[in-house]
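In: just the structure for this:
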Amino acid sequence: MYYYKIYKPYGVLSQFSKKEPEQVTLQDVFKFPKAVYPIGRLDKDSEGLLILSDDIALNNKLLNPKIKMQKSYLAQVEGIPTQEALKKLESGILIKIDGKSHKTLPATVKLMDKIPNYPERIPPIRIRKSIPDRWIEITIHEGKNRQVRRMFAAIGFPVLRLIRISIGPIQLGTLQAGKTVLLNNAELLALKV
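Out: Here you go, the predicted structure:
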């Protein structure tokens, strides 16, 4: 069995197949054995931690909606959210998924005191000198399509950059964009518990 963690770069789809020739997928950036697939997804505009494996049982476990796997992200948002706005995220907020309202599970939210130490995104994000931005760490317990982006949009603070930094016990750590490592034994044991 193979177990990898990767830093999926911005602009790369979390899949191996292409529907359009110009799409960039995992197969364009990484080389894996044939039966390895991503466990979960990150949208094309997001970056960070993705787990890949050929372990079907682990895949089924981690993608089971009844198992509320904790995921943490660093979000750079346009504007400076108030504590009142952040409390809405902590309590759960209504977002639209496929035209239907969904109330998110409560999240943990923390304003970052300093800018996280990650290389600039390629291409760089758009910065407007007249509008400040802020980094926020957010931890959610579900994984709806573009959920974190939708949550911040619902409180009026669009996401400029989104980096997933953990999935359950697995941490992105110092892994750089476009790089991959095998999960170590401790990570694997923690993930399978």
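
In: show me where this protein has strands.
Out: 3-8, 37-39, 47-53, 71-78, 94-97, 100-103, 108-111, 133-140, 159-167, 170-171, 180-182 (DSSP state E).

In: so what touches the second one?
Out: Counting by Cβ atoms under 8 Å, 6 or more residues apart in numbering, strand 37-39 makes contact with 14-16, 26, 50-54, 58-59, 62-63, all of which sit outside it. Every residue, glycine included, has its C-beta placed from N, CA and C.

In: picking that back up, including mean pLDDT, could the strands of the chain go into TSV?
Out: As requested, those are exported to TSV (pLDDT from 0 to 100):
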stretch	mean pLDDT
strand 3-8	96
strand 37-39	91
strand 47-53	96
strand 71-78	96
strand 94-97	93
strand 100-103	94
strand 108-111	96
strand 133-140	96
strand 159-167	96
strand 170-171	94
strand 180-182	95
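
In: just to revisit the earlier point, ChimeraX command for the buried members of the contacts of strand 37-39?
Out: Selection of buried members from the contacts of strand 37-39 for ChimeraX, criterion 16 or more other Cβ atoms under 10 Å:
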select :14,16,26,50,51,52,53,54,58,59,62
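
In: will you turn the contacts of strand 37-39 into TSV that also has distance to Glu120?
Out: Compiled in TSV, the contacts of strand 37-39 are given as follows (distance: Cβ to Cβ, whole Å):
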residue	distance to Glu120
Ser14	22
Gln15	26
Phe16	27
Leu26	22
Leu50	20
Ile51	25
Leu52	25
Ser53	30
Asp54	34
Leu58	34
Asn59	33
Leu62	31
Leu63	32
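
In: ok, the contacts of strand 37-39 vs Leu86, which is closest?
Out: If you rank the contacts of strand 37-39 by distance to Leu86 using Cβ to Cβ, Leu50 comes first, at 26.6 Å.

In: no further questions, thank you.
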